[in-house]
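1. Pasted the sequence and its predicted model underneath.
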Amino acid sequence: MPGPAQTLLRPGAVECAKIGVFLPEFLRETGPNMSQQLIIFDTTMRDGEQSPGASMTREEKVRIGRQLERLRVDVMEAGFPAASPGDFEAVKAVASVIRDSTVCALARAQENDIRRAGEAIAPAASGRIHTFIATSPIHMEKKLRMTPEQVMEAAIRAVTLARTYTDDVEFSCEDAVRSDPDFMCRIIEAVIDAGARTINIPDTVGYAIPFQYGALIESLIKRIPNAHRAIFSVHCHNDLGLAVSNSLAAVLSGARQVECTVNGLGERAGNAALEEIVMAIRTRHDVFNVDTRIDTTQIVPVSRLVSTITGFPVQPNKAVVGANAFAHESGIHQDGVLKHRETYEIMRAEDVGWNANKLVLGKHSGRSAFKARLKELGIELDSEVAVNTAFQRFKELADKKHEIFDEDLHAIVSEELTEPQNEHYGLISLMAHSETGELPQARLVVSVGGEECATQSHGSGPVDATFKAIEKVVNSGASLQLYSVNNITSGTESQGEVTVRLARGGRIVNGLGADTDIVVASAKAYLSALNKLDVRVERMSPQL
Ligand code: KIV
Ligand code: ZN
């Protein structure tokens, strides 16, 4: 039986074998709304990583990549290989393990960037190079110091070179929304002729308004003579809180790829949130008339994983993935939902993966059951020593907490992966005391470069006392930017997951800690942030 996209396939349309989407040869003949397949391009590991403190290690990217594959994104942008040797290795590692999604690497329209991107995606089953250059007058003049003609030549050269590595090349006009549409028509026509298959029109600075952005997409598709040879894509930033609305307006105007991130993570105010785009498209199919390949039941698990790894908590009232997204507080609403769910619910919580966190293991589970569940979750620890340490942590947790959920396993493994054996700072023991009418205090033993140091302090609460005690020995000079606690699963015996964001000398890092005791979790998170501050990872931002 042909799927919905196949029923619309016209002679001359080209199948993208790996991802089952079709280049819309027919867009021009039948109108922009007739292609039913919407490509979901996830950029959590690239644009999402550009959020302050959200940088991910190679292992973390592989874990997120595996979960995105389970979510069935069509394309995942795994990083910017020219940014650093670490990011090159991370993209390559993701490209080596992902089989059911296209793995994409970002490159400026420069030879070295494109070669690095091409080499990084070489192991991919399906690999894409995404190259970009700014086209707005302000960016060309003030940032690039190039004339429009030089920008045009660089773009054509970049796409031509990228095509020597892969047939799947995407080109973006950075700051498209503030660019001259006539110039964009010329440059886009030229890069399609040079071999770009996807044309991305980013709202880099989050300036667009939905009806104008939709009109821009429609007019580009209509005006560019060879537009039917490419998929038009959108990429919206959320500076005015309009990223999702703008992306959806563009879909109505013929865009057939949306670039987005899990939890809306991303540069400044973030990118369009994947979960909101996907659920809007699905819930209002009557309006959009397009389908995605996404397995929506994987949305909450991927949201949790990204939040755990990056240390960016999800606000409770966040659409789809916030803890309160399906909670009905008022009596009238509760009564209505009990009588008939659809009175107040437009989506079902289970359809987006709420309550999907199966009870997996308990205190009597053995090492092989533990290992097997990690495998099912797509988690691979690279040595038997790492498995043993994680298993040990699991046993300790199972003693305190009877039911161990997938989220608990992710938290255990995150700690294991983010805190390898030879970290400079570590927690050995902690005693915190709080009593009404008394000044809270904390006593700790921490290891500093392998040496044990005892320290203590008072504070306004046990957490404050703990941080002050750590600073007495460490004297980091860092400032605390954020402290947040979330429970990983529900109930008071659940593990608390703490995020600590520290800043020093222009660098921002997030540390994470999890424990059933939130003071212990806080100490671990603080020490983890200090460890990250000490590691200098020189990275370049693609937009500099
Ligand atoms: O926002 C932007 O313009 C980008 C490009 C690199 C696509 O992230
Ligand atoms: Zn962006």
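-> The structure has been received and is ready for your questions. Ligands and ions are numbered 1, 2, ... in the order given.
2. Now Thr499: closest residue in space that isn't a chain neighbour?
-> Gly311 (4.3 Å; CB to CB, 6 or more residues apart in numbering). For the C-beta atoms, the positions are set from N, CA and C on the backbone; glycine is no exception.
3. phi, psi of the one you found?
-> Main-chain torsions, Gly311, degrees, to the nearest 10: phi 80, psi 20.
4. ok, it to ligand 1 distance?
-> 22 Å (CB to the nearest ligand atom, to the nearest Å).
5. low pLDDT regions in the stretch 201-350 of the chain?
-> 328-331, 334 (pLDDT under 70).
6. interface residues of it facing ligand 1?
-> Pro202, Thr204, His235, His237 (CB under 6 Å from any ligand atom).
7. can you do 5 Å?
-> The stretch 201-350 of the chain has residues Pro202, Thr204 near ligand 1, with proximity defined as CB under 5 Å from any ligand atom.
8. hang on, the earlier thing: from Ala78, how far off is the residue nearest to Thr499?
-> Here the criterion is CB to CB, to the nearest Å. By it, Gly311 lies 20 Å from Ala78.
9. These two: which is more packed in?
-> Neighbour comparison, Gly311 and Ala78: the larger count goes to Ala78, with 35 against 27 (by other CB atoms under 10 Å).
10. dump the residue contacts of that one.
-> The contact partners of Ala78, taken as CB atoms under 8 Å, 6 or more residues apart in numbering, are Met45, Arg46, Lys61, Gly65, Ala90, Val91, Val94, Ala95, Val103, Cys104, Ala105, Ala120.
11. Looking at those residues, which are in strands?
-> If you go by DSSP state E, the contacts of Ala78 have Val103, Cys104, Ala105 in strands.
12. Closest to ligand 1 out of the residues you listed?
-> Among these, Cys104 lies closest to ligand 1 (CB to the nearest ligand atom), at 10.9 Å.
13. For that closest one, list each beta-bridge partner.
-> Taking DSSP bridges as the rule, Cys104 bridges to Glu77, Arg128.
14. doesn't Glu497 make contact with the residue nearest to Thr499?
-> No - with contact defined as CB atoms under 8 Å, Gly311 does not count as touching Glu497 (9.1 Å).
15. what distance separates stretch 240-247 from the middle of the whole chain?
-> 17 Å (CA atoms, centre = their mean, to the nearest Å).
16. contact partners of that stretch?
-> 203, 206-210, 213, 234, 236-238, 255, 258, 260, 264, 269-273, 276-277, 280.
17. Now list the buried members of the residues you listed.
-> 203, 206-208, 210, 213, 234, 236-238, 255, 258, 260, 264, 270-273, 276-277, 280 (16 or more other CB atoms under 10 Å).
18. residues in contact with the residue of the chain positioned farthest from its centre?
-> Computed with CA atoms, centre = their mean, the residue of the chain farthest from its C-alpha average is Gly437, at 44.7 Å. When the contact criterion is CB under 8 Å, 6+ apart, Gly437 has no partners at all.
19. so it sits in a strand?
-> No - under DSSP: H, G, I helix; E, B strand; the rest coil, Gly437 falls outside any strand and is assigned coil.
20. Check Gln158 and give its pLDDT.
-> Just so we're on the same page, residue 158 is Ala rather than Gln. Listed pLDDT for Ala158 reads 98.
21. any idea how far ligand 1 is from the closest residue to it other than its chain neighbours?
-> The shortest distance from Ala158 to any non-neighbouring residue, by CB to CB, 6+ apart, is to Ala109 (3.6 Å). In this view, Ala109 and ligand 1 are 11 Å apart by CB to the nearest ligand atom.
22. Ala109 touches Ala155, doesn't it?
-> Yes - in this structure, Ala109 is within contact of Ala155 by CB under 8 Å, at 5.5 Å.
23. before we move on, the earlier item: what's the overlap in contacts for Gly311 and Glu497?
-> Leu512.
24. Around ligand 1, which positions in the chain sit nearby?
-> Checking the chain against ligand 1 by CB under 5 Å from any ligand atom, the hits are Asp47, Phe132, Ser172, Glu174, Pro202, Thr204.
25. hey, what's the third one bridged with?
-> Spelled out, that is Ser172. Assigned bridge partners for Ser172, using DSSP bridges, are Phe132, Asn200.
26. For it, which residues are in contact?
-> Contacts of Ser172 by CB under 8 Å, 6+ apart are His130, Thr131, Phe132, Ile133, Ile199, Asn200, Ile201, Pro202, His235.
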